[in-house]
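Student: Next input, structure requested:
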Amino acid sequence: MLRGDPNEILERLQQLRAADAPTHGGHVLSYVYDSGLAELDDLASAAMRAVQSVNGLDPTTFTSVAVMEREVIGFARDMLGGDEDVVGTVTTGGTESCLLAVKTARDVWRAGGGVGQPRLVAPVTVHAAFRKAAHYFGLSLDLVAVDAFTGAVTASDLVDRLGPDVALVVVSAPAYPFAGLDPVAEVAAACEQAGVSCHVDACIGGWVLPFWSGASLAPWDFSVPGVSSISADIHKYGYAPKGASVLLQRGRDRQRLQYFATTGWPGYPVVNPTMLGSKSAGPLAASWAIIHALGRDGFAELAASCARSTQALIELIGTIDGLRVVGTPVGPLFAVATDESVPIERRVDPHHWADAARAAGWMLQQQPGLTQGDGSCLAPTTHLTVTPVTESVLEQLFEALVRAADAVRAVPPVAAEAVLAALPAELLQELSAPDAPALDAQTAFGILRQIGLVAEGGDGGLPQQMAPFLALIEALPHPLTERLLTELLARVVEPPG
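Tutor: Down below sits the predicted model:
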C-alpha cells in the first residue's frame, strides 16, 4: 500500500527538474543530443515503458532482449563497415564500451604471450574513459602529445611508440576536445603489422560520421584493415536515452575474451558480456525503436541538419574578432580558443565568453588548458556540441554568441594567483608538494570554501561564473585538483547531517 501521494511525488519531481539545464530546445550545447523530433522522444519513452520490468541480465529468459540487441548490433555493424566477422554488444554507455575494449585488448595481449604490465598508447586528446580503463585494468598509459595549435596528432608519433608491451593503441573518430579525426588508417596499418590491437573510439562520431556530408572523410571504420574494435554511443547521435552504446569487435574469439563467466559458486551460472549483471532493458528498447523508426535515411537527414548548423557556426566564429576555431574539426562539434594573432585589446577569452553566453541562457562547455608531456601547452577552449535542434535556434544563438564576445573582449583571462589568493602561501606550498599527504574529506571541503567554490553551509554546487574554476584546474597539480573535484561532487549527493 502506498504511503505517499503519487501526484505530490511527481509534482516534487517536476520542481526538481525545473532547476536542471534544459534537455530540449538547443540551449545546452553539451551533454544532451536533441533530435528536435518530439515523436521520436515519445516513441523512446513508450519503448522503455514496455520493458520497464525486464532484466537485461539473461536474454535466454527475456528473449526480447536478445532480438533487440541482435538487430541493434546488426544495424551498427553495417553502418560502421563491418562484415560477418564483426560481432558486438550493447553497453550502458561510452565509458563501459571503452572499459571493455581495453579489458579485451589486455586479455588478447596476455593470451598472445604478453607478460608484465601492458601499455596503452593514445594521443593526449583520447577520452578520459581510457585513463579510467588503464587505472582499472592495470595498464601503463602512454600519451602522445598533439600539435599545440591544431590539436592534431601525427601518425608517426603514435607508431613510434609501438613495442612488444603495447596491448592497445586508441585513436578517435573524432577526438572529443577539438573534434580532430585521428589518422586511423596509418595507425591501424602499423598496428596490424606489429600484431597490436587498434581501437577506434567513435563514441561521439559513430552514429553521425557515416552520414556526414561535405568534404570526404579519411577512412576510420571497419573498412580499415587493422581496426580491431569500435565504440559508438547510441545515446549521442543515435538520439537514444542515456545510457546506450555499442562495442563492436572484429572476430568472435576476440570478442569472447570480453566476457566474464563463472560457474564456481552455488548460485546460477553467471555469464556477462558487460560490466553490469542486472541492467535495465529500457535504453536498449529505446535504441531499437529509434533505429527502426529512422533507418539510414532518417539518420542521414538529421546528420545533414547538424552539418549545416556546424558549418554556419564555424563561419560565425571566423567573423568574431578575438576568437578562432581550433584545428580542422570533423563532425558536429568543435572547440573555440582565443585568437592570439590579434592585439591583446581585441582578444576574447573563451571561458569569459562562455560565462557571458551562460548568463544569456546558452550553456557552452569550458575546457581547461593543459601542459602536455613534452612541455607544450594546449590552450583553454570552449566546446560546442551541435545537434539537429540547433538549426531551429541558430539566429538566436548567433546573436547571443556575438553579444557575449563583445561583452568580454579585452577582459584578461582569470589569473590563477587571484583564485589561489584565499589560501595561505604555506598551505598552498604544502598541498603542491610531490609528497603531499592525502587530504581527508573535511580538509578538502574547507579548501573548497576558502577558494570560493562553495559557500558556508552550501551543498557543493558550482558557482555561476566558471572562468575562475577553470583557472583553478589549470593552476593546481592534477592530483590535488582531482581530490578537490571529488570532494565537490561527493558533497552534492550527501544527505544533510
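
Student: Go ahead and list the helix or strand containing the closest residue to residue 75 other than its chain neighbours.
Tutor: Of all residues beyond its chain neighbours, the one nearest residue 75 is residue 291 (5.1 Å), with distances taken as CB to CB, 6 or more residues apart in numbering. (C-beta placed from N, C-alpha, C; glycine too.) Under DSSP states H and E, the secondary-structure element containing residue 291 is helix 282-319.

Student: which parts of that helix are buried?
Tutor: For helix 282-319, the buried set under the neighbour-count rule, 16 or more other CB atoms under 10 Å, comprises 282-291, 294, 298-299, 302-310, 313, 316-317.

Student: Could you do stretch 174-193 as well?
Tutor: By neighbour count with 16+ other CB under 10 Å, stretch 174-193 contains the buried residues 174-192.

Student: again, but for stretch 244-262
Tutor: Within stretch 244-262, the residues that count as buried by 16+ other CB under 10 Å are 244, 245, 246, 247, 248, 249, 250, 254, 255, 257, 258.

Student: Same check on stretch 394-409?
Tutor: Within stretch 394-409, the residues that qualify as buried are 394, 397, 400, 401, 404, 405, 407, 408, 409, counting by 16+ other CB under 10 Å.

Student: next one: stretch 474-481
Tutor: Within stretch 474-481, the residues that qualify as buried are 474, 475, 476, 480, counting by 16+ other CB under 10 Å.

Student: okay if I get these as a markdown table plus distance to residue 67, pLDDT and secondary structure?
Tutor: Shown next, in a markdown table, are the buried residues of stretch 474-481 (distance: CB to CB, whole Å; pLDDT from 0 to 100; DSSP: H, G, I helix; E, B strand; the rest coil):
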| residue | distance to residue 67 | pLDDT | secondary structure |
| --- | --- | --- | --- |
| 474 | 49 | 83 | helix |
| 475 | 53 | 79 | helix |
| 476 | 51 | 80 | coil |
| 480 | 50 | 84 | helix |
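
Student: Just the closest of these to residue 443, please.
Tutor: When the buried residues of stretch 474-481 are ranked by distance to residue 443 (CB to CB), residue 480 comes first, at 11.5 Å.

Student: ok now the helix or strand residue 64 falls within, how far from the chain's centre?
Tutor: Assigning secondary structure by DSSP H and E places residue 64 in helix 63-79. A distance of 23 Å separates the C-alpha centroid of helix 63-79 from that of its chain, computed with CA atoms, centre = their mean, to the nearest Å.

Student: ok, now stretch 269-286?
Tutor: Mean-position distance between stretch 269-286 and its chain equals 21 Å (CA atoms, centre = their mean).

Student: Just the CA coordinates for that stretch, please, in PDB.
Tutor: What follows is stretch 269-286 as a C-alpha-only set of coordinates in PDB (Å, rounded to 0.1, in the frame of the first residue of the first chain):
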ATOM      1  CA  PRO A 269      25.700 -19.600 -13.800                       C
ATOM      2  CA  VAL A 270      27.000 -16.000 -14.400                       C
ATOM      3  CA  VAL A 271      27.900 -15.100 -18.000                       C
ATOM      4  CA  ASN A 272      28.200 -11.400 -18.600                       C
ATOM      5  CA  PRO A 273      29.400  -9.600 -21.800                       C
ATOM      6  CA  THR A 274      29.400  -6.300 -19.900                       C
ATOM      7  CA  MET A 275      30.500  -4.800 -16.600                       C
ATOM      8  CA  LEU A 276      27.000  -5.000 -15.300                       C
ATOM      9  CA  GLY A 277      24.900  -8.100 -14.500                       C
ATOM     10  CA  SER A 278      21.400  -7.000 -13.900                       C
ATOM     11  CA  LYS A 279      20.600  -4.000 -16.100                       C
ATOM     12  CA  SER A 280      17.700  -2.100 -17.500                       C
ATOM     13  CA  ALA A 281      16.500  -3.100 -20.900                       C
ATOM     14  CA  GLY A 282      15.000   0.300 -21.400                       C
ATOM     15  CA  PRO A 283      17.800   2.100 -23.200                       C
ATOM     16  CA  LEU A 284      18.200  -0.900 -25.500                       C
ATOM     17  CA  ALA A 285      14.500  -1.000 -26.300                       C
ATOM     18  CA  ALA A 286      14.500   2.800 -27.000                       C
END
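
Student: Identify all contacting residues around that stretch.
Tutor: Surrounding stretch 269-286, the residues in contact under the criterion CB atoms under 8 Å, 6 or more residues apart in numbering are 43-45, 47-48, 50-52, 54-57, 62, 64-65, 68-69, 72, 89-92, 96, 99-100, 234-235, 240-244, 258-263.

Student: before we move on, the earlier item: let me know the distance separating the residue nearest to residue 75 from residue 447.
Tutor: In this structure, residue 291 and residue 447 are 48 Å apart, going by CB to CB, to the nearest Å.

Student: and what of residue 255?
Tutor: 46 Å.

Student: what's near enough to touch the residue nearest to residue 378 when sequence neighbours are not counted?
Tutor: Nearest non-adjacent residue to residue 378, counting by CB to CB, 6+ apart: residue 370, 4.5 Å away. When contacts are counted by CB under 8 Å, 6+ apart, residue 370 is found next to 124, 377, 378, 474.

Student: residue boundaries of the strands in the stretch 1-150 of the chain?
Tutor: Under the criterion DSSP state E, counting those that start in this stretch, strands of the stretch 1-150 of the chain are mapped to 86-91, 119-123, 140-144.

Student: so of the ones you listed, which one's packed in deepest?
Tutor: Burial among these, expressed as mean neighbours by mean count of other CB atoms under 10 Å, is greatest for strand 119-123, which shows a mean of 26.

Student: so what strands line up beside that strand?
Tutor: Paired with strand 119-123 in the same sheet, following DSSP bridges, are strand 140-144 (parallel), strand 166-172 (parallel).

Student: Next secondary structure after the first one?
Tutor: Okay, so that is strand 140-144. The element immediately downstream of strand 140-144 (helix or strand, assigned by DSSP H and E) is helix 155-159.

Student: other SSEs contacting that following helix?
Tutor: strand 119-123, helix 184-194 (3 or more CB pairs under 8 Å, 6 or more residues apart in numbering; DSSP states H and E).

Student: pLDDT averaged over the longest one - what is it?
Tutor: Think helix 184-194. Mean pLDDT, taken over the full extent of helix 184-194, equals 98.

Student: Just the angle for it relative to strand 166-172, thanks.
Tutor: Angle of helix 184-194 versus strand 166-172, following axes from the mean of the first three to the mean of the last three CA atoms, to 10 degrees, is 170 degrees.

Student: what does helix 184-194 contact?
Tutor: Around helix 184-194, the neighbours that count as contacts under CB under 8 Å, 6+ apart are 155, 158-159, 162, 166, 169, 171, 173, 197-198, 200, 218-220, 224-228.
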